[in-house]
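> sequence unavailable; structure follows:
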């Protein structure tokens, strides 16, 4: 196995650390100075890399503020397609997402700061929404491929579209609920699993106290 | 019964027609000239009413472009709270939304034009998102109230939040699927009912061809 083939190897971990450091520096600088006043040079300087290195990780400066990470989408789709045959699509999607949630939980302050930066710069919010919609469509394609149904955007069935969108909604609602609940409550993966349990059951009336 | 009490009476229908005409004029003018060049006077003139009348229907000019209609949210919440006792929350939410979908279907061209205007004016998109999130939170509150659980945003349970958000997602996905399918396919309420049938069943693997 070469380094290219080892997604969880040292090289991959170092790449993820550099990408996270660049995004964190971008968001902190934008929160302090306003996104429009932050240059690629300033972001790169803060992390101790060259602007050329910055562009190995992000296509544009704005992608760093938005924390668009195409690797996450790639990992999610690979996990959905790679889940063993008997696993139901809903469970395959849930397990793929749970594997990414630890990262969200560890970087909660950073996501809150990013939300603040995006509220102050509508074009970044639009960019973030666009990336989110593209991810959703690709996830729908992966679900369709798993089911053996057409995976292109024009011929996608209602079910793959719906499952991909509802999974994204479950992530958002779980983060909101977990953030509102504060310290001492369930951790984020537990909230997310509870949300998927509601979905798998068909969203019936919950028992009192649930 | 006074006119105030008669939500489906003539007065209410006339109000809805005037509001729809103002929103349609606003969106058409914005699509032609750019939202920032369209005045309240121009919108009012196009419909043959005074600017004072415009402000009986919209708090700001931008609300007309975004077609924010707090009456729709009010009707949805009243329908969810008013559904008979044995109706499950998921079904109450579905039936409340189906009653509003005929209007979306009839005005499909207008929604497409509105999407185009919003893409060209990020601050309007942000405003639209904000209104959507507020509606979702109020719907979650109505679901919680129906269940007899805390309905304020701070103490909302996971289930009411999730059901409200998933219902909104089902509307969006249904509109996307219906728009992509083109003429001759199922009408929008039929697509939406199919989406809710997937949800009520717990999103199981659909049979081949579904």
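Received the coordinates, thanks. This structure is a prediction, so every number in the text was calculated from the model and none was measured.
> you'd agree residue A:189 is up against residue A:100?
No. The pair residue A:189 and residue A:100 does not pass the contact test of Cβ atoms under 8 Å, sitting 10.0 Å apart. For the C-beta atoms, the positions are set from N, CA and C on the backbone; glycine is no exception.
> how many neighbours does the closest residue to residue A:153 other than its chain neighbours have?
Spatially, and ignoring its direct neighbours in sequence, residue A:153 is nearest to residue A:137 (5.7 Å; Cβ to Cβ, 6 or more residues apart in numbering or on different chains). By the other Cβ atoms under 10 Å in any protein chain shown criterion, the neighbourhood of residue A:137 contains 17 residues.
> check which helix or strand covers residue A:137.
helix A:122-147 (DSSP states H and E).
> pLDDT (mean, whole number) over that helix?
In this model, helix A:122-147 carries a mean pLDDT of 90.
> angle of that helix against helix B:122-147?
60 degrees (axes from the mean of the first three to the mean of the last three Cα atoms, to 10 degrees).
> buried set for helix A:122-147?
A:122, A:124-129, A:131, A:135-144, A:146-147 (16 or more other Cβ atoms under 10 Å in any protein chain shown).
> got it, and stretch A:58-66?
Buried residues in stretch A:58-66 (16+ other Cβ under 10 Å): A:58, A:61, A:62, A:63, A:64, A:65, A:66.
> can you name the residue of chain A nearest chain B?
residue A:122 (3.7 Å; Cβ to the nearest Cβ).
> could you measure from that residue over to residue B:119?
12 Å (Cβ to Cβ, to the nearest Å).
> common neighbours of those two, please.
Residues touching both residue A:122 and residue B:119 (Cβ atoms under 8 Å, 6 or more residues apart in numbering or on different chains): residue B:125.
> so which residue is smack in the middle of chain A?
The centroid of chain A falls nearest to residue A:72 when counting by Cα atoms, centre = their mean (6.0 Å).
> list the contacts of the closest residue to that residue other than its chain neighbours.
Nearest residue to residue A:72, sequence neighbours excluded (Cβ to Cβ, 6+ apart): residue A:100, at 6.0 Å. Listed by Cβ under 8 Å, 6+ apart, the contact set of residue A:100 reads A:72, A:75, A:76.
> what's the angle from the one helix or strand the second one maps to to helix A:122-147?
Taking DSSP H and E as the criterion, the element that holds residue A:75 is helix A:70-82. For the pair helix A:70-82 and helix A:122-147, the angle between their directions (the same axes, to 10 degrees) equals 20 degrees.
> I'd like the next helix or strand past helix A:70-82.
helix A:89-106.
> ok, residue A:30 touching residue A:65?
Yes. The pair residue A:30 and residue A:65 qualifies as a contact (Cβ under 8 Å) at a distance of 5.4 Å.
> joint contacts of those two?
What both residue A:30 and residue A:65 touch, as defined by Cβ under 8 Å, 6+ apart, is the set A:38, A:117, A:121.
> which residues does the helix or strand of chain A with the lowest mean pLDDT contact?
The helix or strand of chain A with the poorest confidence is helix A:108-119; it has a mean of 86 (mean pLDDT, DSSP states H and E). With contact meaning Cβ under 8 Å, 6+ apart, helix A:108-119 is reached by A:23-24, A:27-28, A:30-31, A:35, A:65-67, A:104, A:124-125, A:128, A:175, A:179, B:126.
> before we move on, what about stretch A:74-87?
Looking at what lies outside stretch A:74-87 - Cβ under 8 Å, 6+ apart - the contacts are A:7, A:89, A:91-93, A:95-97, A:99-100, A:135, A:138-139, A:141-143, A:145-146.
> same check on stretch A:183-199?
By Cβ under 8 Å, 6+ apart, stretch A:183-199 touches A:90, A:94, A:97-98, A:101-102, A:104-105, A:166, A:170-171, A:173-175, A:177-178, A:181, A:206, B:158-159, B:162-163, B:166, B:199, B:202-203.
> and residue A:96, what does it touch?
Residue A:96 neighbours (Cβ under 8 Å, 6+ apart): A:75, A:76, A:79, A:80, A:83.
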